[in-house]
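Engineer: Return a 3D structure for these sequence lines:
(chains A and B)
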Amino acid sequence: MKKIIAYTEDELEKQLKENQEYKFGFTTDIESEVIPIGLDEDVVRLISSKKNEPQWLLDFRLKAFAYWKTMVEKKWAHVDYPKIDFQSISYYAAPKEKVDVNWEDVDPELKATMDKLGISMDEQKSLSGVAVDFVMDSVSVKTSFKEKLGELGIIFCSFSEAVHDHPELVKQYLGTVVPSTDNFYAALNSAVFSDGSFCYIPKGVRCPMELSTYFRINEANTGQFERTLLVADEDSYVSYLEGCTAPMRDENQLHAAVVELISLDGAEIKYSTVQNWYPGNKEGVGGIYNFVTKRGICHTGSKISWTQVETGSAITWKYPSCILKGDNSIGEFFSVAVTNNHQQADTGTKMIHLGKNTKSTVISKGISAGFSNNSYRGLIQINKNATNARNFTQCDSLLMGDKCGAHTFPYIEVKNSTAKIEHEATTSKIGEDQLFYCNQRGISTEKAINLIVNGYCKDVLNQLPMEFAVEAQKLLEISLEGSVG
Amino acid sequence: MIKELTKKDMLIESLNELDFSNEPQFALDLRANAKSALENLEFPTSKTEYWKYTRIGKIINRTYGIQHEPSNSNIDISSYLIPELDANIIVLVNGFYREDLSKIETENGIKISSLKSVISQSDSFIKDHLGEIAKVENELFIALNTLCFTDGVYIDLDKNAVIEKPIHIINITNSNNLISNTRTIVKAHDNSSVKILESFVNLQGNESFTNNVSEIFMNPNSQVEYNKIQNKEGESYQISTEQVYQRKDSNFTINTITLQGTLVRNNLNIEVQGEGCETNLNGIYLGKDKNHIDNHTIVDHIKPNCNSNEVYKGVLDDNSVGVFNGKVFVRPDAQKTNAYQQNNNILLNDNAVINSKPELEIYANDVKCSHGSTTGQLDKEAIFYLQARGVSKKTATNMMINAFVKDATDNISIPALKNYIDTKIDTRFGNKN
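Structural biologist: All right, here's what the predicted structure looks like:
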């Protein structure tokens, strides 16, 4: 077991001031149970047996693994990274100490970590009314507000719990939106996913609070493979928040999550993400590889809205998508992606219009600074039977510094004559006259840039729940610090 | 062991019959180089991003004949001329220059010749620059053209030559199942200016494949306007590539007008290698029946202070498919670039498809780049307005389409040509009942 001393707040602050490096870069001292590195069928079976999984889930994993072995990693994304050695990763890590449902019994180390993240359970409980399903290295440690949600029939638990307690629901929906054969990383995730969150909102229920999960990657060399499955039954509503922070590591860590959303007739899902994983240092060493597959399916009259603020990760490869299957369904995508130093991001969305009168809106704001590359890649597909489909896409890019890149790769495929598609994109830098105006009124250049960037991102930040909006604004500031020169 | 012949091998095999042995060494080297490049290139598939929306099965799943030397069949070219246009006429039939049908008046400052003749004379510019910007390593169809272009046109402009009279190149196919490869070279010397128009037509010429490549070299402060009119009837295939190299303060305009064609693919690759350049790309594509019209453009801004402007308009009817893929690169040093891309489409039929992919790849920060792409219908209220004034719905619709398309013909600076295109649009989407 490695022993790394956790920082005190003061020390952390001091270090932050010194080099403005990653805010949440610390390691928690918990003994983890890590299975040896490497990946073969036995590892898949081992993960499954460790989690006491039923046969059907093991079959699902094995099928995915068999398919994954036949796949090759695709290189179309506008990102560049060394080839990942999948045999040098450990595919499972679980905190060793048995966790009791009782909050008092939770490992004090973990509590301290959560405090540092600013998501102390007590505080969360009393102040914000947010139920947190806290995921520390793949295994759920504590779920709060469970009873309160239980009264309404809402199921919000870790994925492994759901497999045991609600196998029928998991079995019915798992892999229906993101099939295990979907893409290289989705197949890998399907084979080796460790844990994640499961959420079910029953018919006609409006979830009274924002549901949220915090992910952390905490064990060196442990790829984290989360799986989230969210089902909103007819006419229900849920707002789900996902926030991510991870400790500082020198070696690249792989994160390949899968998120599946099912929005049944008349339901609405709002899925918000703030992603602030370790982006690597100023020279581009280290950082998280974030290869995520997120997709939702909309049935008749339903709606899915993705909002994301992406500031972290060395490489982001992520396209939260909506399949607008039902008539009159709505898909939305709001994104702010910030890249600084040597970060690379290739992110965007796919809107697949299948049903009649389907609508989609895409607002993407990219900010690149330093030596980074930031790409928007989006697909708008109007299929033959999608009469009266409507799409509006706007993607703006802001360039700060002359060593970075901003790219736009939209794909627009229309097979129906009644479709109305609008796409526009702009790329520019912050206007010198705007900065001058601020300077003239006594606002420093750095502050002025923050102000302008915040205004530029307002369309997206406004979509976030209040607590997240505050955090997101802070993140933008931190991410862009030092990029003005 | 017998090596199984691939479609590529078969195509190359059939072209082997062409005899270039009496060409000078530099041309032979060029062709040999193309042949070795071909070995490393494969026909694009749906996995090839550059060809994502265009399947070339129609082109490659058949065998073609080739014409070995110019024929002397009499062809009436009058119907291919642009009415009221006083131009130098160059006629190419099935890939060969036809002196008897062409009408070139010698003028000061310009030389118009058949490419074959200047190659055999080992013209110094051709010797040094032929194939310089149309690189065989990158694209199979360029390599194919380089391997076996039979003839073409060489337009050589002297320093300060301002040529008023347009040059009209008529590319005719009059034989079935024929493959023809032509090459056009334009050399625009300092401060020169020229207007060129190249039309592609067929007389019978069913199931024939035209693969043409143009290389346009632009010296400082030169101006070239290139108009390309594609109007091949029946079953016809064309892959057309324009490689342009722009130096300081040059101004290049291209208007690509595709009136019809079973499978048309246009590759425009413009390298802006000098400051203060202007580049205009305009296009109209009118798809009908099972037409597949694919326009690919790449504008590569390498130097600062340049402008580029791109407007493509498409109207797609019946089962036709339109593709627009415009790419703008702004290299790290190309500060103060203004680049604009616009693509508007109207689908007239539920079986028609449009795939639009306007792309920006930007590595410099002090730039203004934007693009817009729309697909939609005609404004119902505008049609209602016209109907309320006694205009029939059909006429009103045609008037609207007419206005939509003609937006992009405004950039044609040859009045006779503009009229000709407008008339073509009128016949297609008639103003009259």
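Engineer: Which residues of the stretch 251-400 of chain B lie near chain A?
Structural biologist: Residues of the stretch 251-400 of chain B that fall close to chain A, judged by CB under 8 Å from any CB of the partner chain: B:332, B:335, B:345, B:347-350, B:352-377. (Glycine included, C-beta is placed from N, CA and C.)
Engineer: What is the burial count for residue 308?
Structural biologist: If you meant another chain, say so; for now it's chain A. By the criterion of other CB atoms under 10 Å in any protein chain shown, residue A:308 has 26 neighbours.
Engineer: look at chain B instead
Structural biologist: Residue B:308 has 26 neighbouring residues, counting by other CB under 10 Å.
Engineer: Tell me if I'm right that it and residue B:279 touch.
Structural biologist: Yes - at 4.1 Å, residue B:308 counts as touching residue B:279 under the criterion of CB atoms under 8 Å.
Engineer: Find residues that contact each of those two.
Structural biologist: Shared contacts of residue B:308 and residue B:279 (CB atoms under 8 Å, 6 or more residues apart in numbering or on different chains): B:270, B:272, B:299.
Engineer: in whatever helix or strand residue A:160 lives in, what's buried?
Structural biologist: Assigned by DSSP states H and E, residue A:160 falls within helix A:159-165. Residues of helix A:159-165 classed as buried by neighbour count (16 or more other CB atoms under 10 Å in any protein chain shown): A:159-163.
Engineer: Which one of those is nearest to chain B?
Structural biologist: Chain B lies nearest to residue A:159 out of the buried residues of helix A:159-165, by CB to the nearest CB, at 34.5 Å.
Engineer: My guess is that closest one contacts residue A:174. True?
Structural biologist: No - at 9.2 Å, residue A:159 does not count as touching residue A:174 under the criterion of CB under 8 Å.
Engineer: Can you work out which residues contact both of the two?
Structural biologist: residue A:229.
Engineer: which regions of chain A lie under the pLDDT threshold?
Structural biologist: The model of chain A has pLDDT under 70 over residues A:1-34, A:93-146, A:213-223, A:244-252, A:467, A:481-485.
Engineer: picking that back up, show me the shared contacts of residue B:308 and residue B:279 that map onto strands.
Structural biologist: Cross-referencing those against strands under DSSP state E gives B:270, B:272, B:299.
Engineer: now, among those, which is nearest to residue B:72?
Structural biologist: Residue B:72 lies nearest to residue B:270 out of these, by CB to CB, at 38.0 Å.
Engineer: In contact with that closest one, which residues?
Structural biologist: Per CB under 8 Å, 6+ apart, neighbours of residue B:270: B:242, B:244, B:246, B:252, B:279, B:281, B:297-300, B:308.
Engineer: Can I get those in a markdown table including secondary structure?
Structural biologist: Formatted as a markdown table, the contacts of residue B:270 follow (DSSP: H, G, I helix; E, B strand; the rest coil):
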| residue | secondary structure |
| --- | --- |
| B:242 | strand |
| B:244 | strand |
| B:246 | strand |
| B:252 | strand |
| B:279 | strand |
| B:281 | strand |
| B:297 | strand |
| B:298 | strand |
| B:299 | strand |
| B:300 | strand |
| B:308 | strand |
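Engineer: Looking at these, state which has the most neighbours.
Structural biologist: Top of the contacts of residue B:270 by neighbour count (other CB under 10 Å): residue B:246, with 31 neighbours.
Engineer: what's across from it in the sheet?
Structural biologist: For residue B:246, the beta-bridge partners under DSSP bridges are residue B:218, residue B:272.
Engineer: Check the gap between it and chain A for me.
Structural biologist: Per CB to the nearest CB, to the nearest Å, residue B:246 is found 22 Å from chain A.
Engineer: low pLDDT regions in the stretch 251-400 of chain B?
Structural biologist: In the stretch 251-400 of chain B (pLDDT under 70), no residue qualifies.
Engineer: can you do 90?
Structural biologist: Residues of the stretch 251-400 of chain B meeting the criterion pLDDT under 90: B:261, B:288-289, B:317-318, B:332-333, B:348-351, B:364-368, B:376-380, B:382, B:392-400.
Engineer: ranges for the strands of it?
Structural biologist: Secondary structure of the stretch 251-400 of chain B (DSSP state E, counting those that start in this stretch): strands at B:251-260, B:263-272, B:278-287, B:292-301, B:307-316, B:321-330, B:338-347, B:353-362, B:368-376.
Engineer: And the shortest one, what does it pack against?
Structural biologist: Contact partners of strand B:368-376 among helices and strands, from 3 or more CB pairs under 8 Å, 6 or more residues apart in numbering or on different chains; DSSP states H and E: strand A:405-414, strand A:420-429, strand B:321-330, strand B:338-347, strand B:353-362.
Engineer: Could you report the neighbour count for residue B:368?
Structural biologist: Neighbour count of residue B:368, defined by other CB under 10 Å: 14.
Engineer: Kindly report the residues of chain A close to chain B.
Structural biologist: Residues of chain A lying near chain B (CB under 8 Å from any CB): A:76, A:382, A:384, A:397, A:399-429.
Engineer: Quick check: the residue of the stretch 51-200 of chain A nearest chain B.
Structural biologist: Chain B sits closest to residue A:76 of the stretch 51-200 of chain A, with a gap of 6.6 Å, by CB to the nearest CB.
Engineer: measure that residue to residue A:317 for me?
Structural biologist: To residue A:317, residue A:76 is 10 Å away according to CB to CB, to the nearest Å.
Engineer: same deal with residue B:338?
Structural biologist: 31 Å.
Engineer: same question, residue A:296
Structural biologist: Distance from residue A:296 to residue A:317, counting by CB to CB: 18 Å.
Engineer: Can you name the residues in contact with stretch B:398-418?
Structural biologist: B:82-85, B:166, B:195, B:197, B:225, B:227, B:253, B:255, B:257, B:280, B:282-284, B:286, B:311-313, B:315, B:344, B:346, B:378-379, B:382-383, B:386, B:391, B:421-422, B:425-426, B:429-431.
Engineer: Buried ones among the residues you listed?
Structural biologist: Among the contacts of stretch B:398-418, those buried by neighbour count (16+ other CB under 10 Å) are B:82, B:85, B:166, B:195, B:197, B:225, B:227, B:253, B:255, B:257, B:280, B:282-284, B:286, B:311-313, B:315, B:344, B:346, B:378, B:383, B:386, B:391, B:421, B:425, B:429.
Engineer: circling back: how about the contacts of residue B:270 in TSV, adding distance to residue B:105?
Structural biologist: Below are those laid out as TSV (distance: CB to CB, whole Å):
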residue	distance to residue B:105
B:242	26
B:244	27
B:246	29
B:252	25
B:279	30
B:281	30
B:297	34
B:298	36
B:299	35
B:300	37
B:308	34
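Engineer: right, and residue A:443 touches residue A:451 too?
Structural biologist: Yes - in this structure, residue A:443 is within contact of residue A:451 by CB under 8 Å, at 6.9 Å.
Engineer: Apart from its neighbours in sequence, what residue is nearest residue B:168?
Structural biologist: Spatially, and ignoring its direct neighbours in sequence, residue B:168 is nearest to residue B:87 (4.2 Å; CB to CB, 6 or more residues apart in numbering or on different chains).
Engineer: scratch that, residue A:479 is what I was asking about
Structural biologist: residue A:311 (4.2 Å).
Engineer: residue contacts, the one you found?
Structural biologist: Going by CB under 8 Å, 6+ apart, residue A:311 touches A:274-276, A:279, A:337-338, A:475-476, A:478-479.
Engineer: now those residues as JSON lines including neighbour count?
Structural biologist: Formatted as JSON lines, the contacts of residue A:311 follow (neighbours: other CB atoms under 10 Å in any protein chain shown):
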{"residue": "A:274", "neighbour count": "26"}
{"residue": "A:275", "neighbour count": "25"}
{"residue": "A:276", "neighbour count": "24"}
{"residue": "A:279", "neighbour count": "30"}
{"residue": "A:337", "neighbour count": "26"}
{"residue": "A:338", "neighbour count": "29"}
{"residue": "A:475", "neighbour count": "22"}
{"residue": "A:476", "neighbour count": "21"}
{"residue": "A:478", "neighbour count": "18"}
{"residue": "A:479", "neighbour count": "25"}
